[in-house]
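*Asks:* Coordinates only, no sequence provided:
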């Protein structure tokens, strides 16, 4: 068991990057989130951990403004109207959100334009920062999974957002790409940005992540600072036994299919 | 306002580029359109005056069917890899997306008409008695009438369970008055018997009305879950 | 509430029975068309209710679009469904009774008549509306339907115009009121007609009210399920009793 000091309530004076207040979300009669309240301070890398179906992706979609909570409120940087924070938000979900018939740079230029950025150098720089060659002529349809994920990350950060949301960015990604992406996230945090990552592989973010938030069955189960000790304990006690206290699931959750939280939308 | 125009242009360019590279919609639409012309010419074997009387109806029905094939593709492109979500989280104006899609469809369907119209002329031995140049404004107005609502309704349809089937079910009844107007206008020109109300005027009114409604409601549809 | 409903329903049915009696037995037989003319006592009131329902549907949809996340919005949505369904039923009655009458009076089942054709097109449009509701996922149906309702209603003048100027044969009997004296309806016919108009209107309101209540109950049920799904204590209690 990780001892869980209630980590980092937002210090006075700063506005929380994300504030969920008693948020519930249901699809039909299936509840994905049940009364979750959560404050995330700005300038941190926060991991959202939990089993499949714990509501992680749903929480991310609510913060992204793609879904509306059934109950409760979502505020980002103190704003509850989503039009207010759209421009400050970067979102990288499970799907790549890229056009397969376009090249990498062409994709970035299109998505940058949605944020009013019409600058090829900025797009080239975004590609270089995730370790991709901007001169690459290949269409995205012919990219490897790791390259896609990196380009997807570049797409999510091309407008230099203040809050970045990522859903399983490291799944099916080679180690090189994963570490590239982790570095990019660390650089963003160091620039004062907030990052929220849903992941099954917290070890990739070892040394990068500041805190971990655990969801179980749509509820906030636990929350702690992410350090070496937490990491060790996380590996020792599997996630499932940790939050449920009964069932022991030892294998790492490889079976994650990628439709969680999106199937009903 | 400038950014709306600019975004629309960028979106349109992107769609044309995608279509040019994949040719999904164009191939299906062209083949389907050609099929319809051939089948119509087999089923009806009209001559002279008769052809002029019915050609207006047949042409527009053929265009309508082929346009549905094309418009079903519009949003399918955006659903792959869930690219639409990238637009939805961005601060870009929903109406720019709508306009670029509608204009893209307009280009596709107009292209289709350009290719199909000569086929009709050949198979039906058509020769207009009235002023043939007037067919151009009628075609432009009529195509926009089909495309503006079609683009909107296919955005509605992708939210339903039976995506491809839903579009014609909604589009055909609502488009009926526009189709009647196009057919009447075309027949009037082809047969040279011009009297009665101004059908192009009615079409223009239809276009203005529904373009306005589309722009007013598209944001709501796009931001819906 | 329940009492009021019973009284209202009883009155409506009594009036309908009386209206039917007036229409079938008391009103004189029309000189040229004969008994088939009596269809008019059902045909016209149905058309009237149908039109009324479409207007209600449009207004309710507008309210829904403006008040989406408010309780009022949910009520408006329930009213929109109810009026659309009743409207389609009324239009169906019009479309069935019209040709029966036309067959006798004009010798053909279907004439490309302005009013009848307009009704047919509107019937198609609102069938599409109901179809869209049916094929939408539960959470989306009200919004998509409300949006379509706006399009449908905006289409009505165009439908009318297109059919009016396309085939103007003028077969349909002109409205009989306000024509010059001496013409028009026999007083007994007028009486039967007015009674039927009233009783059908009441019946229409009754149908919409019943359907509305049903839809509200469905919403309430859904709401309750949701509350149970979200509330841990109720869930726990349920699991114990199971």
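*Replies:* Cool, the structure landed. Fair warning: this is a prediction, and the values are worked out from it, not measured in the lab.
*Asks:* Flag the shaky bits of chain B, pLDDT-wise.
*Replies:* Applying pLDDT under 70 to chain B picks out residues B:1-2, B:46-48, B:194-197.
*Asks:* Return the residues in contact with the most centrally placed residue in it.
*Replies:* Chain B has residue B:147 as the residue nearest its centroid, 3.5 Å off, counting by CA atoms, centre = their mean. Contacts for residue B:147 (CB atoms under 8 Å, 6 or more residues apart in numbering or on different chains) come out as B:67, B:71, B:102, B:105, B:106, B:109. In this view, the C-beta of every residue, glycine as well, is placed from N, C-alpha and C.
*Asks:* 7 Å - rerun?
*Replies:* Shown in contact with residue B:147 (CB atoms under 7 Å, 6 or more residues apart in numbering or on different chains): B:67, B:102, B:105, B:106, B:109.
*Asks:* How much space separates it from residue B:99?
*Replies:* 11 Å (CB to CB, to the nearest Å).
*Asks:* Repeat that for residue A:85.
*Replies:* Counting by CB to CB, the gap from residue A:85 to residue B:99 is 25 Å.
*Asks:* do the same with residue A:137
*Replies:* 31 Å.
*Asks:* higher neighbour count, those two?
*Replies:* Neighbours of residue A:137 and residue B:99, each counted by other CB atoms under 10 Å in any protein chain shown, are more numerous for residue B:99; the result is 24 against 9.
*Asks:* Up against chain B, what does chain A have?
*Replies:* Chain A comes close to chain B at residues A:64-68, A:86-87, A:89, A:91, A:93, A:95-102, A:110-111, A:113-116, A:265, as judged by CB under 7 Å from any CB of the partner chain.
*Asks:* Just the buried ones from the residues you listed?
*Replies:* If you count burial by 16 or more other CB atoms under 10 Å in any protein chain shown, the buried members of the residues of chain A next to chain B come out as A:64-68, A:86, A:89, A:91, A:93, A:95-102, A:110-111, A:113-115, A:265.
*Asks:* got a list of what the closest residue to residue A:177 other than its chain neighbours touches?
*Replies:* Nearest residue to residue A:177, sequence neighbours excluded (CB to CB, 6 or more residues apart in numbering or on different chains): residue A:146, at 3.4 Å. Counting by CB under 7 Å, 6+ apart, residue A:146 touches A:173, A:174, A:177.
*Asks:* Go again with 10 Å.
*Replies:* By CB atoms under 10 Å, 6 or more residues apart in numbering or on different chains, the residues touching residue A:146 are A:131, A:170, A:172, A:173, A:174, A:175, A:176, A:177, A:178, A:180, A:181.
*Asks:* Need the max-distance pair from those residues.
*Replies:* Using CB to CB, these span at most 17.2 Å, a distance reached by A:131 and A:172.
*Asks:* So for these two, which sits in the more crowded spot?
*Replies:* Taking other CB under 10 Å, residue A:131 and residue A:172 do not tie; residue A:131 has more neighbours (17 against 14).
*Asks:* how about the helix or strand where residue C:134 lies, does it reach chain B?
*Replies:* Using DSSP states H and E, residue C:134 falls within helix C:114-135. Yes: counting by CB under 10 Å from any CB of the partner chain, chain B is contacted by helix C:114-135 at C:117-118, C:120-129, C:131-135.
*Asks:* Briefly note if that helix comes near chain A.
*Replies:* No: Helix C:114-135 is not in contact with chain A by CB under 10 Å from any CB; minimum separation 15.4 Å.
*Asks:* After that helix, which helix or strand is next?
*Replies:* Heading C-terminal from helix C:114-135 (DSSP H and E), you reach helix C:141-166.
*Asks:* Buried residues of that next one, list them for me.
*Replies:* Under 16+ other CB under 10 Å, the buried positions of helix C:141-166 are C:141-156, C:158-163, C:165-166.
*Asks:* again with stretch C:110-117
*Replies:* C:111, C:113, C:114, C:115, C:116, C:117.
*Asks:* if I pick residue 153, what's in contact with it?
*Replies:* Reading this off chain A. If you count contacts by CB under 10 Å, 6+ apart, then residue A:153 has A:90, A:92, A:126, A:129-130, A:132, A:164, A:166, A:169, A:177, A:180-181, A:184-185 around it.
*Asks:* meant chain C, my bad for not saying
*Replies:* B:213, C:54, C:55, C:57, C:58, C:59, C:61, C:62, C:122, C:125.
*Asks:* now residue 99, what's its secondary structure?
*Replies:* You didn't pick a chain, so chain A it is. Using DSSP: H, G, I helix; E, B strand; the rest coil, the structure places residue A:99 in coil.
*Asks:* same question, residue B:128
*Replies:* Following three-state DSSP, residue B:128 is assigned to coil.
*Asks:* I'd guess residue A:87 is in a strand, am I close?
*Replies:* No: according to three-state DSSP, the state of residue A:87 is helix, so it is not within a strand.
*Asks:* what pLDDT does it get?
*Replies:* pLDDT recorded at residue A:87 is 90.
*Asks:* surely it meets residue A:65?
*Replies:* No: Residue A:87 is beyond contact range of residue A:65, at 11.5 Å (criterion: CB atoms under 10 Å).
*Asks:* what's in contact with the host helix or strand of residue C:10?
*Replies:* Here residue C:10, judged by DSSP H and E, is contained in helix C:2-21. With contacts defined as CB under 10 Å, 6+ apart, helix C:2-21 is touched by C:26-27, C:38, C:41-42, C:45, C:191-207, C:209-210, C:213.
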